[in-house]
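In: starting from these lines, generate the structure:
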Amino acid sequence: MPWPKVNSGAAPVPRGVAPPASSNHLATHLRRSSAMSTDDVPAHRRIDLDPAEALRLLGSVPLGRIVFTRQALPTVRPVNHVLDGGDIVIRTHEGAALTSQARQSEDTGVVVAYEADAIDPDTHLGWSVVVTGYARLVTDDDEVARIRTMLHPWAAQPGTDHAVRIHPDLVTGVLLTRTGDAPEDGSDGRGSEDSDG
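Out: Sure thing, here's the model as predicted:
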């Protein structure tokens, strides 16, 4: 493919890629970039959370995402939740795919993942927790009534009269923090750092 020239002496730009508005614009951008030292952008690190702390953080936010299989494909739904007796509890409606699957697998439950997080969009600091476990439909009328008083659906939907209880079998969580910041428990985080991603 031929490489057209933007201006005489300018670097070649592939077809379909817009050139910078002007050489002055590019020079200004480069000056700003070079003026920013590594001290201006704090280094980040990832710290693995223990399961108890991860569940505590998950319980501190009202919304999460449930991941389950629908027609042999992964499906993600945003839902609100509460922690109840160490389990994650969500409300569903009669026509929901998860309600149907949990009913069909009443004895064993259906494998799901549940994710919640609180990550600042500007600093990229915060935490993320993922729980994997079995989801079972709550069938006891008294328990369903109790859950209704604790958890109100975040999106109005007729017939949201069912509840699903997710028992955590695997809990993982990461804290995204600045290098040098101590975890809230006062430990130095060494031995739990993870440099991936």
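
In: so where do the helices sit in this protein?
Out: Assigned helices in the chain, in chain order: 23-35, 51-59, 97-104, 141-150 (criterion: DSSP state H).

In: I'd guessed residue 79 sits against residue 154; true?
Out: Yes. At 7.3 Å, residue 79 counts as touching residue 154 under the criterion of Cβ atoms under 8 Å. Using the backbone N, CA and C atoms, a C-beta is placed for each residue, glycine as well.

In: quick check: which ranges of the protein have low pLDDT?
Out: Segments of the chain classed as low confidence (criterion: pLDDT under 70) are 1-42, 94-95, 156-160, 181-197.

In: which residue ranges form the strands in it?
Out: Secondary structure of the chain by DSSP state E: the strands cover 44-49, 63-70, 73-80, 82-84, 87-92, 110-119, 126-137, 162-178, 193-194.

In: those: which one's closest to residue 144?
Out: Using Cβ to Cβ as the measure, strand 162-178 is the one of those that comes nearest residue 144, at 5.3 Å.

In: on that earlier part again, so what sits against both of residue 79 and residue 154?
Out: Between them, residue 79 and residue 154 have residue 63 as joint contacts when contacts are counted by Cβ atoms under 8 Å, 6 or more residues apart in numbering.

In: more crowded one of the two?
Out: Between residue 79 and residue 154, counted using other Cβ atoms under 10 Å, residue 79 has the larger neighbour count: 22 against 13.

In: who's in contact with the closest residue to residue 105 other than its chain neighbours?
Out: Counting by Cβ to Cβ, 6 or more residues apart in numbering, residue 105 lies nearest to residue 136, which is 7.9 Å off, once chain neighbours are set aside. Under the criterion of Cβ under 8 Å, 6+ apart, the contact list for residue 136 reads 102, 105-106, 109-110, 164-165, 167.

In: now do the end-to-end distance for stretch 99-113.
Out: Taking Cα to Cα, to the nearest Å, the first and last residues of stretch 99-113 lie 15 Å apart.
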